[in-house]
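In: here are the coordinates; sequence isn't available:
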């Protein structure tokens with residue numbers, strides 16, 4: 001019983017090149033080394049073939065002031081990097097009030113507490129990112 005095997009084109013080309021070099025050598029020259037006995041391993045995919053992680057916006061929130069007694073009025077600003085064109089931001093103040101879509105909101109915290117304010121921004125291409133900042137509302141002693 002015989003097994004028919006297809007030759008790898010890269011291996012066959014290397015073998016043919018070695019034969020050409022060997023036949024071109026004069027009797028005193030050593031022929032080029034023969035190709036490996038096994039066909040070369042499958043090619044490793046190029047780095048560009050590996051999927052890149054989805055892009056993300058860098059979002060940094062700031063609050064002035066970020067602590068004080070109630071009612072505490074806070075002015076928020078946002079810094080967004082890596083955006084592709086225009087972007088919009090939505091703010092969750094963490095105090096069960098409705099979320100607000102704007103870049104620089106002012107919010108009044110009525111009750112004492114530690115609030116995590118989260119801002120989510122999205123650009124025209126749908127790339128998004130999130131930032132947060134803590135606001136401490138407490139009565140001074």
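Out: Ah, there it is. Just so it is clear, the model here is predicted, and its values are computed rather than measured. Numbers count the residues shown, from 1 in each chain.
In: now do the contacts for residue 62.
Out: If you count contacts by C-beta atoms under 8 Å, 6 or more residues apart in numbering, residue 62 has them with 76-79, 133. Just so you know, the C-beta spots here come from the backbone N, C-alpha and C atoms, and that holds for glycine as well.
In: may I have the phi/psi pair for it?
Out: Note on residue 62: backbone dihedrals following degrees, to the nearest 10 are phi -130, psi 150.
In: related to what we said a few turns ago, now, which of the contacts of residue 62 sits nearest residue 86?
Out: residue 78 (13.7 Å; C-beta to C-beta).
In: that closest one and residue 50, how far apart?
Out: To residue 50, residue 78 is 33 Å away according to C-beta to C-beta, to the nearest Å.
In: okay, the contacts of residue 62 in CSV with secondary structure, neighbour count and distance to residue 122 next?
Out: Listed next are the contacts of residue 62 as CSV, based on DSSP: H, G, I helix; E, B strand; the rest coil; neighbours: other C-beta atoms under 10 Å; distance: C-beta to C-beta, whole Å:
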residue, secondary structure, neighbour count, distance to residue 122
76, strand, 23, 17
77, strand, 13, 18
78, strand, 19, 12
79, strand, 11, 15
133, strand, 17, 19
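In: residue ranges with poor pLDDT in this protein?
Out: For the chain, the stretches with pLDDT under 70 are 1-48, 53-54.
In: how many residues are close by residue 66?
Out: Neighbours of residue 66 under the rule other C-beta atoms under 10 Å: 16.
In: quick check, it in contact with residue 135.
Out: Yes. Between residue 66 and residue 135 a contact is recorded at 5.3 Å, counting by C-beta atoms under 8 Å.
In: overlap of the contact sets of the two?
Out: Common neighbours of residue 66 and residue 135 (C-beta under 8 Å, 6+ apart) are residue 74.
In: now the helices for the protein?
Out: With helices called from DSSP state H, the chain shows them at 9-24.
In: mind giving me the domain split of it?
Out: If you go by automatic domain parsing, the domain ranges for the chain are 9-49, 58-137.
In: my guess is residue 117 contacts residue 133, does it?
Out: Yes. Residue 117 is within contact range of residue 133, at 5.3 Å (criterion: C-beta under 8 Å).
In: what touches both of the two?
Out: 61, 63, 76.
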